[in-house]
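1. all I have is the shape, not the residue letters:
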């Protein structure tokens, strides 16, 4: 079981990553502002730390993109 200090530090680390994600998104001229706001208000359950690799994140993005295309194709063809 985590100590109080470890738990606090894990929440702070998670919050810092959300702010970093928001900062990265804001660096683009066409920033997705709803994503920026989402990350600015989030402090999700850090005790379930999941640190995906870059490859896993890219794979997740590719899967989500394929699912979106599949769903939109089904909607349009009806």
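-> That came through fine. This is a predicted model, so every value here is computed, not measured.

2. in the protein, what spans have low per-residue confidence?
-> Residue ranges of the chain with pLDDT under 70: 45-49.

3. make it 90
-> For the chain, the stretches flagged by pLDDT under 90 are 1-2, 6-15, 41-53, 76-78.

4. now the helices: where do they sit in this structure?
-> Ranges of helices in the chain, per DSSP state H, are 4-26, 33-41, 54-76.

5. could you dump those helices to CSV with mean neighbour count?
-> C-beta: built from backbone N, CA, C; applies to glycine. Formatted as CSV, the helices of the chain follow (neighbours: other CB atoms under 10 Å):
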stretch, mean neighbour count
helix 4-26, 13
helix 33-41, 13
helix 54-76, 10
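
6. how far away is residue 36 from residue 61?
-> Between residue 36 and residue 61 the distance is 18 Å, computed by CB to CB, to the nearest Å.
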